[in-house]
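> Compute the structure for the input listed below.
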Amino acid sequence: MLVTFLRTNAVTLLAGALAVAGAAYIWLALPHERHITSAGLLLFKLLPFAAGVVAVAWVDQDLARRLRMPLWLMPLCFLGFFCYFVPKILRFANQGDFANAYYHMLTLVPFIILTMLLSFRLGGGASGVVVRLGTALILLQLSGLEDLAFLLLHDVRPIPEVWTWASHMTVFLGHPPSRAEAYAFITVHVVLAIAALTVPTSALRRARPVADGSGA
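Numbers count the residues shown, from 1 in each chain. Below you'll find the predicted structure:
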């Protein structure tokens, strides 16, 4: 029975172990810095999230129903958010420690995304849709929409000519983005997110031979 369980759930178990190990290393071994210093570091920090999406996407739904996972796993996820991240962020904000508050917020967002994906999967969602949603939502987080929303909601006028704080854009552009470059960065990521949600699977399958160099 154990062998059958391991074989049936191999993808979720391996991807989940990778996600936990990667997240633990990043949280415990790397400095809690708000700014990203290189594109490689940013991609490395995204690996646990990617592994987590795979783990969630291939959760055995029959096993989840038998174990009544929605009734205990969702409250656990909520408590992780409510009893750890909320008090931490509020404490840092109260102390004026913006860097730590922002770092915890950046970590919280992928956690919320994975919780949403897990809820969808446990409710019967398809693996492919989980991957699409995970891809689209992390693209939206990385897009810079939050930066733009902050400026607009707090009526910061004029919009800064150079976005010196947007290190996730800087590492890809090689310099702090101008306002126009930031808008373009946001637009590209939003378009990619929409594509991740809407491009038919059949179109991706047709494009694969061309990408492999085997197309006409």
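> From now on I want contacts and neighbour counts done on CA atoms only, so please keep to that.
Noted.
> and stretch 63-76, what's its mean pLDDT?
Confidence for stretch 63-76, expressed as mean pLDDT, is 94.
> how far does it stretch from start to finish?
Its first and final residues considered, stretch 63-76 spans 18 Å by C-alpha to C-alpha, to the nearest Å.
> Centre of the chain to it, how far?
Between the centre of stretch 63-76 and the centre of its host chain there is 22 Å, according to C-alpha atoms, centre = their mean, to the nearest Å.
> low-confidence ranges in the protein?
Applying pLDDT under 70 to the chain picks out residues 1-2, 202-216.
> which residues in it form helices?
2-8, 10-29, 39-57, 61-66, 69-80, 86-95, 98-122, 127-142, 145-153, 167-173, 179-198, 201-211 (DSSP state H).
> quick one: which of these is nearest Pro160?
helix 179-198 (6.6 Å; C-alpha to C-alpha).
> Quick check: buried residues in the closest one?
By 16 or more other C-alpha atoms under 10 Å, the buried positions in helix 179-198 come out as 181-182, 185-187, 189-190, 192-194, 196-197.
> on that earlier part again, can you put the helices of the chain in a markdown table and add distance to Ile159?
Shown next, in a markdown table, are the helices of the chain (distance: least, C-alpha to C-alpha, whole Å):
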| stretch | distance to Ile159 |
| --- | --- |
| helix 2-8 | 53 |
| helix 10-29 | 33 |
| helix 39-57 | 25 |
| helix 61-66 | 47 |
| helix 69-80 | 36 |
| helix 86-95 | 25 |
| helix 98-122 | 21 |
| helix 127-142 | 19 |
| helix 145-153 | 7 |
| helix 167-173 | 17 |
| helix 179-198 | 7 |
| helix 201-211 | 38 |
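> Select, out of those helices, the one closest to Glu161.
Among the helices of the chain, helix 179-198 sits nearest to Glu161 (C-alpha to C-alpha), with 5.0 Å.
> what helices or strands is that closest one leaning on?
Helix 179-198 makes packing contacts with helix 127-142 when contacts are defined by 3 or more C-alpha pairs under 8 Å, 6 or more residues apart in numbering; DSSP states H and E.
> Swap in 10 Å and give it another go.
Under the contact criterion of 3 or more C-alpha pairs under 10 Å, 6 or more residues apart in numbering; DSSP states H and E, helix 179-198 touches helix 127-142, helix 145-153, helix 167-173.
> roughly how far out does it sit from the chain middle?
With C-alpha atoms, centre = their mean, you get 16 Å for helix 179-198.
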